[in-house]
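S.K.: got a structure for you, letters missing:
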């Protein structure tokens, strides 16, 4: 079983700090995703202009009800950090991701805020390959208000820079 932990932050600086701490924990940079991975983006106010970020979120193979929350957060100027981790790292990763100084959002509140929001489609729904082994399911054994833990049968593809 493969594990993934995500959180949402208000600033790129915080998201990048979390990334650096996850790397120092020994997590491969290719399995740490910051979306969007820039501090210089221009918010378009138009979902079409944010599709590359939505596509990156789709690449995480998260459940639709959570994907909606992540999409709306990114659209509102926030940053998603997602890391694929070993089973033994989950508690430590959650601790890093939820520290009060890291400005993490309460994800249950965030989900309630966006529960009726539109789920934006992948920019190329006909070309999007769905691998059932990579579809994530929430992990109830590691519930936390500031992070979401997921499990899946297969690893995600390592991100290439």
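M.R.: Noted; the coordinates are in hand. From a predicted model like this one, the values you see are computed outputs, not experimental measurements.
S.K.: assign the nearest residue to residue 138 once chain neighbours are set aside to helix, strand or coil.
M.R.: The shortest distance from residue 138 to any non-neighbouring residue, by CB to CB, 6 or more residues apart in numbering, is to residue 150 (5.9 Å). To be clear about C-beta, it is placed using only N, CA and C from the backbone, and glycine gets the same treatment. Under DSSP: H, G, I helix; E, B strand; the rest coil, the three-state class of residue 150 is strand.
S.K.: measure how buried residue 150 is and give me the count.
M.R.: 22 (other CB atoms under 10 Å).
S.K.: try residue 76
M.R.: Residues contacting residue 76 under the criterion other CB under 10 Å number 13.
S.K.: over to residue 98?
M.R.: Using other CB under 10 Å, residue 98 has 18 neighbouring residues.
S.K.: so it sits against residue 104, correct?
M.R.: Yes: judged on CB atoms under 8 Å, residue 98 makes contact with residue 104 at a distance of 5.2 Å.
S.K.: ranges for the strands of this protein?
M.R.: 2-9, 32-35, 79-85, 137-138, 148-152 (DSSP state E).
S.K.: buried set for the lowest-mean-pLDDT helix or strand in the chain?
M.R.: Taking mean pLDDT, DSSP states H and E as the measure, the chain has helix 51-58 as its least confident helix or strand, at a mean of 89. For helix 51-58, the neighbour count (16 or more other CB atoms under 10 Å) marks 51, 53-58 as buried.
S.K.: ditto for stretch 146-158
M.R.: Buried residues in stretch 146-158 (16+ other CB under 10 Å): 146-152, 156.
S.K.: before we move on, back to that, how far is the least confident helix or strand of the chain from where the chain is centred?
M.R.: Offset of helix 51-58 from its chain centre (CA atoms, centre = their mean, to the nearest Å): 11 Å.
S.K.: other residues contacting that helix?
M.R.: With contacts defined as CB atoms under 8 Å, 6 or more residues apart in numbering, helix 51-58 is touched by 33, 35-36, 47, 67, 70-71, 74, 80, 120, 122-123, 128.
S.K.: please repeat the previous calculation with a cut-off of 7 Å.
M.R.: If you take CB atoms under 7 Å, 6 or more residues apart in numbering as the criterion, helix 51-58 is touched by 33, 35-36, 67, 70-71, 74, 80, 120, 122-123, 128.
S.K.: how about stretch 124-141?
M.R.: Contact partners of stretch 124-141, identified using CB under 7 Å, 6+ apart, comprise 3-4, 58, 61-63, 122, 148-154, 156.
S.K.: quick one: the residue of the chain positioned farthest from its centre and residue 134, what's the gap?
M.R.: Distance from the centre of the chain peaks at residue 126, with 23.1 Å (CA atoms, centre = their mean). Distance of residue 126 to residue 134, given as CB to CB, to the nearest Å: 19 Å.
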